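Peer 1: Pasting a predicted model and its sequence here:
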Amino acid sequence: MIISVKTRDGEYPIIIEKGALNRAGEVFKLDRRCFIVTDDGVPEQYVKTLAAQCKESVVFKIKAGEESKTLDSFSAGLKMMLEYGFTRSDCVAAVGGGVVGDLAGFIASAFMRGVDFYNVPTTVLAQVDSSVGGKTAVNFEGSKNMIGAFYPPRAVLIDPETLKTLPQRQISNGLAEAVKMAACMDEKLFSLIENGDVYKNLEEIIAGSVMIKKHVVEQDERERGLRRLLNFGHTLAHAIEAESIRGGKTLYHGECVAIGMLPLSSEKARARLVPVLKKLSLPTELDIDAEKILDATLHDKKKNGENITLVRLKDIGKYEFDTVPFDEWEHEVKGWFEK
Ligand SMILES: NC(=O)c1ccc[n+]([C@@H]2O[C@H](COP(=O)([O-])OP(=O)(O)OC[C@H]3O[C@@H](n4cnc5c(N)ncnc54)[C@H](O)[C@@H]3O)[C@@H](O)[C@H]2O)c1
Ligand SMILES: [Zn+2]
């Protein structure tokens, strides 16, 4: 299956097909130098499969994990490209999850003011979410995705076979984002996750999610309006994630999104959402002090007396934007977690 995503300068194809990695050369232009970015948690066989199809390749392997998404890695990558004599007409390819994709895309955007970027996402999260939409970034001074660029790939290759090596918890982690998108925009996809065998239907779920994200980013490439919809559940998720890391209890991002969606869902929506999250072994309750989370989410904003725009789920497939003062939001969240 090929899904084409329009950008303001053109379009790029997303190929979703079992075994597609073996035929990457048919989709990517690899008769040149390819700078392959990956991490040490990604099974080597995927990098080797891609490298074997390149005229020449250089592998840049970072340490797995969010801590590697830094300006240091960015600069180490660029340095290596220079040392190996890469030119404007060569390319960069990511083989890995969202960390690798975000870093590789940013490297590609900057090297000699931009070289072709290909993405081979190998986590569910990267396949359904981060590889679509052209956002690239690294973390900076403690802030996530602080420095980066909008830099669409030339092509994205999603090979569901690569998920065979992905731990179950990581699969559920990515599916949380699929549930988020389906819950807001696509009742049919939600039903598929709700009623079917998620593993058997994984390719269809990935394709459905990519379609939703394509739809959203095509209308709002630069995140000025509709794209904020993808933040459903994320206001709280980010705070829960930060607090869980501080408490040494690292919850995955998707797990935090799962919990973060619930207070913003109507009772009717929640009645379907909770069983789906449980089916995916995602958490639906929080065992971290709600006060701490509130502090993390609201602290500095509250002082300014600002408003916050929330995405609320009225029913499965129906969302709305709601702008409320922070105080009100704080009150609401407290009420929810103190139940
Ligand atoms: N650009 C965007 O629009 C966007 C959107 C959402 C998230 N993100 C970013 O994505 C990142 C999270 O991505 P992620 O969840 O993929 O995390 P990740 O990239 O850290 O990957 C998770 C783990 O899975 C391992 N792994 C990857 N592929 C594997 C495979 N096939 N088999 C076995 N292990 C494998 C990795 O080594 C890593 O340890 C965050 O940095 C986030 O900011 C970006
Ligand atoms: Zn997310």
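Peer 2: Received, thanks. Ligands and ions are numbered 1, 2, ... in the order given.
Peer 1: close to ligand 1, is stretch 122-135?
Peer 2: Yes: using CB under 6 Å from any ligand atom, stretch 122-135 reaches ligand 1 at 122, 123, 125, 126, 129, 130, 133, 135. For every residue, glycine as well, the C-beta is placed using N, CA and C.
Peer 1: Now for the nearest residue to the fifth one once chain neighbours are set aside: which residues touch it?
Peer 2: Computed as CB to CB, 6 or more residues apart in numbering, the closest residue to residue 129 that is not its neighbour in sequence is residue 177, at 4.5 Å. By CB atoms under 8 Å, 6 or more residues apart in numbering, the contact list for residue 177 reads 125, 128, 129, 209, 254, 257.
Peer 1: What is the nearest of the residues you listed to ligand 1?
Peer 2: Distance from ligand 1 was checked for each of the contacts of residue 177 by CB to the nearest ligand atom. The minimum falls on residue 125, at 3.6 Å.
Peer 1: hang on, the closest one packs against residue 100?
Peer 2: No: assessed by CB atoms under 8 Å, residue 125 is found out of contact with residue 100, at 11.6 Å.
Peer 1: Give me the more crowded residue out of those two.
Peer 2: Set side by side, residue 125 and residue 100 show unequal neighbour counts under other CB atoms under 10 Å, the larger going to residue 100 at 32 against 25.
Peer 1: returning to that earlier point: quick one: buried ones out of the residues of stretch 122-135 next to ligand 1?
Peer 2: By the neighbour-count criterion of 16 or more other CB atoms under 10 Å, the residues of stretch 122-135 next to ligand 1 include these buried positions: 122, 123, 125, 126, 129, 130, 133, 135.
Peer 1: Output those as a markdown table; include the columns pLDDT and secondary structure.
Peer 2: Rendered in a markdown table, the data for those read as follows (pLDDT from 0 to 100; DSSP: H, G, I helix; E, B strand; the rest coil):
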| residue | pLDDT | secondary structure |
| --- | --- | --- |
| 122 | 98 | coil |
| 123 | 98 | coil |
| 125 | 98 | helix |
| 126 | 98 | helix |
| 129 | 97 | helix |
| 130 | 97 | helix |
| 133 | 95 | coil |
| 135 | 96 | strand |
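Peer 1: Can you classify residue 118 by secondary structure?
Peer 2: Each residue gets one of three states, and residue 118 gets strand by DSSP: H, G, I helix; E, B strand; the rest coil.
Peer 1: Count the residues that sit near it.
Peer 2: For residue 118, which is what you asked about, the neighbour count (other CB under 10 Å) is 26.
Peer 1: Give the closest residue to it in space, chain neighbours not counted.
Peer 2: With CB to CB, 6+ apart, the residue lying closest to residue 118 is residue 93, at 4.2 Å.
Peer 1: Would you mind pulling up the elements that the helix or strand where the one you found lies packs against?
Peer 2: In this structure, residue 93 sits in strand 91-96 according to DSSP states H and E. Using 3 or more CB pairs under 8 Å, 6 or more residues apart in numbering; DSSP states H and E as the contact test, the elements touching strand 91-96 are strand 33-39, helix 44-51, helix 98-110, strand 116-121.
Peer 1: how about that strand, does it reach ligand 1?
Peer 2: Yes: with CB under 6 Å from any ligand atom as the criterion, ligand 1 is reached by strand 91-96 at residue 96.
Peer 1: which residues are in contact with that strand?
Peer 2: Among residues not part of strand 91-96, those counted as contacts by CB under 8 Å, 6+ apart are 28-30, 32-39, 41-42, 46-47, 50, 81, 100-101, 103-105, 107-108, 111, 115-123, 126, 154.
Peer 1: what about 6 Å?
Peer 2: 34-39, 42, 46-47, 50, 100-101, 104, 107-108, 115-120, 122 (CB atoms under 6 Å, 6 or more residues apart in numbering).
Peer 1: Next secondary structure element downstream of the strand or helix carrying the residue nearest to residue 129?
Peer 2: Under DSSP H and E, the secondary-structure element containing residue 177 is helix 168-185. On the C-terminal side of helix 168-185, the nearest following helix or strand under DSSP H and E is helix 187-195.
Peer 1: Go through that next one and flag the buried ones.
Peer 2: 187, 189, 190, 192, 193, 194.
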